[in-house]
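[1] Provided below are the primary sequence and the corresponding predicted coordinates.
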Amino acid sequence: MKTLIQNARLNDQLVNILIQDGKIAAIEPGLTTPADQIFDAHHHQVIPGLVDVHVHFRDPGLTYKETIATGSKASAHGGFTTVFAMPNVKPVVDTPEAFENMLVKNREDGVIKIKQYAAISGDLTADHLTDIRKMAELGAIAFTNDGHGVQTADTMYQAMQMAAAVNRPIIAHVEDDSLIHGGVMNAGPAADRLGLPGMSSLSESAQLARDLVLAYATGCHYHVAHISTKESVELVRMAKARGMHVTAEVSPHHLLLDDAMIEMDNPMMKMNPPLRSPEDRAALIAGLLDGTIDMVATDHAPHSADEKRGSMKTASFGIVGIETAFSLIYTHFVKSGLVDLDTALRWMVTNPINAFNLTDAGQLRVGDAADLAIMDLDHAFEIDAAEFLSKGKNSPFIGDTVYGKTIATFVDGKQVY
Ligand SMILES: NC(=O)N[C@@H](CC(=O)O)C(=O)O
Ligand SMILES: [Zn+2]
Ligand SMILES: [Zn+2]
């Protein structure tokens with residue numbers, strides 16, 4: 001099977017891309033060759049397929065929110081060709097049997113490449129570790145209790161020792177429950193103004209400080225999920241300066257929104273970690289720009305309309321992100337002149353690939369898997385929930401005008417959007 005993508009923009013020139021048997025066979029201006037399928041990119045940009053190390057597909061058990069089929073189609077719509085799926089489904093992916101079931105479902109139902117995380121401890125909350133060794137053998141990309149912080153230092157310490165032994169990262173949702181105080185948004189002037197219960201940002205950094213001490217002692221690869229506070233950025237900066245194997249991701253919403261923008265009690269502005277202060281947001285942007293934060297990850301967290309209605313006091317935590325991430329980052333970081341497109345693609349492709357040693361994700365080089373997306377960078381469009389392929393419509397960015405619309409996405413040379 002041969003596919004020829006014609007008239008794609010790459011490094012400010014027009015190229016044709018020949019795909020043969022799922023791999024990129026040639027990238028050349030003016031290349032002509034017989035092919036089974038011709039795709040005209042109409043001068044739009046070609047980018048390597050995006051990689052998101054943090055998504056929730058809710059399948060099995062919570063499929064009214066999302067399924068592997070809808071989540072992976074939504075990913076393709078966002079230009080993503082590889083995603084890492086979180087284990088907080090029902091049942092939780094905390095046994096080798098549950099893990100093997102996930103592998104089968106991801107393969108059968110997914111239209112993109114899905115790597116699977118496994119839990120650190122039973123049901124994401126117990127003190128006993130899961131069978132980390134066995135699930136690593138079965139192909140767990142890394143271990144995480146995302147959705148919950150690991151409350152007991154000894155549990156995290158043991159998990160890190162095991163993770164180091166099997167050469168897999170620990171992904172930390174850092175949150176010390178004792179500092180949450182029933183909060184539904186960040187504690188501070190914004191929560192006071194709205195009269196809503198606030199959670200201390202120290203909940204994140206206090207546990208992160210603990211974890212970094214443990215990671216130093218164990219030598220494991222420690223990855224911080226959805227980093228959100230200025231203290232956390234400073235801690236990661238210090239750990240990296242120490243030469244520790246630490247990486248961090250930040251979400252588009254924590255880069256683009258802060259609690260001062262929450263004008264009223266609005267469940268679309270409720271997620272965990274919460275939107276922090278403007279100072280925190282500035283520190284996240286600075287940390288991303290100086291390389292302290294390695295990558296952008298969406299934390300795509302679909303919920304039903306019912307779960308995101310009413311007051312922030314009762315609504316579910318989380319927002320969708322996989323279909324808006326590229327447009328938001330492109331519009332607010334590249335189009336605005338802060339960084340070039342290559343830098344944004346390091347945050348969304350190269351750094352995730354390198355941090356997690358992915359070998360099957362294409363990077364738009366001859367010989368690589370033909371994982372790529374065609375993006376219209378020139379025309380503004382409005383983010384419209386009716387166009388989401390995700391079951392979740394819970395986004396605070398609906399109605400925003402952005403650039404960077406996905407025209408097509410290819411995985412191993414097969415058009416999936
Ligand atoms: N981010 C969220 O607000 N929610 C996530 C859990 C998580 O990422 O911690 C979810 O599973 O809904
Ligand atoms: Zn989390
Ligand atoms: Zn998450």
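    The structure has been received and is ready for your questions. Ligands and ions are numbered 1, 2, ... in the order given.
[2] measure the spatially most central residue of the chain to residue 223 for me?
    In the chain, the residue lying closest to the centroid (CA atoms, centre = their mean) is residue 297, at 2.7 Å. Separation of residue 297 from residue 223 (CB to CB, to the nearest Å): 10 Å. Every C-beta, even on glycine, is put in place using the N, C-alpha and C of the backbone.
[3] Which neighbours do those two have in common?
    Counting by CB atoms under 8 Å, 6 or more residues apart in numbering, the common neighbours of residue 297 and residue 223 are 53, 249.
[4] all helices in this protein, in order from the N-terminus.
    68-77, 96-109, 132-138, 153-165, 189-194, 202-218, 230-241, 252-256, 278-289, 325-329, 341-345, 351-355 (DSSP state H).
[5] Among those helices, which comes closest to ligand 1?
    Closest to ligand 1 of these is helix 252-256 (CB to the nearest ligand atom; 9.6 Å).
[6] packing partners for that closest one?
    If you count contacts as 3 or more CB pairs under 8 Å, 6 or more residues apart in numbering; DSSP states H and E, helix 252-256 packs onto helix 278-289, helix 325-329.
[7] So it, near ligand 1 or not?
    No: under the criterion of CB under 6 Å from any ligand atom, helix 252-256 makes no contact with ligand 1; the nearest approach is 9.6 Å.
[8] if we can go back for a sec, check the helices and strands packed on helix 252-256 for me and report the most buried one.
    Mean neighbour counts were taken over the helices and strands packed on helix 252-256 using mean count of other CB atoms under 10 Å, and the top value, a mean of 26, falls to helix 325-329.
[9] how many neighbours does the nearest residue to residue 10 once chain neighbours are set aside have?
    With sequence-adjacent residues excluded and distances taken as CB to CB, 6 or more residues apart in numbering, residue 10 is closest to residue 46, at 5.3 Å. Residue 46 has 22 neighbours, counted by other CB atoms under 10 Å.
[10] ok, what's across the strand from residue 46?
    Beta-bridge partners for residue 46, by DSSP bridges, are residue 374.
[11] Wait, it touches residue 364, no?
    Yes: counting by CB atoms under 8 Å, residue 46 touches residue 364, with 7.1 Å between them.
[12] what do the two both touch?
    The contact sets of residue 46 and residue 364 overlap at 10, 372 (CB under 8 Å, 6+ apart).
[13] Could you list the residues of the stretch 51-200 of the chain in contact with ligand 1?
    Residues of the stretch 51-200 of the chain lying near ligand 1 (CB under 6 Å from any ligand atom): 56, 88, 146-147, 173.
[14] which residues touch the residue nearest to the centre of the chain?
    52-54, 225-226, 249-251, 352.
[15] try 10 Å
    Contacts of residue 297 were listed using CB atoms under 10 Å, 6 or more residues apart in numbering, and they are 51-55, 83-84, 171, 223, 225-227, 248-252, 321, 325, 347-348, 352.
[16] Which single residue of the stretch 1-150 of the chain ends up nearest ligand 3?
    residue 146 (4.5 Å; CB to the ion).
[17] Who are the contact partners of that residue?
    54, 56, 86-88, 117, 119-120, 124, 171-173, 225-226, 272, 299, 301.
[18] got JSON lines for the helices of the chain, with mean pLDDT too?
    Below are the helices of the chain laid out as JSON lines (pLDDT from 0 to 100):
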{"stretch": "helix 68-77", "mean pLDDT": "99"}
{"stretch": "helix 96-109", "mean pLDDT": "98"}
{"stretch": "helix 132-138", "mean pLDDT": "99"}
{"stretch": "helix 153-165", "mean pLDDT": "98"}
{"stretch": "helix 189-194", "mean pLDDT": "98"}
{"stretch": "helix 202-218", "mean pLDDT": "98"}
{"stretch": "helix 230-241", "mean pLDDT": "99"}
{"stretch": "helix 252-256", "mean pLDDT": "99"}
{"stretch": "helix 278-289", "mean pLDDT": "99"}
{"stretch": "helix 325-329", "mean pLDDT": "99"}
{"stretch": "helix 341-345", "mean pLDDT": "98"}
{"stretch": "helix 351-355", "mean pLDDT": "99"}
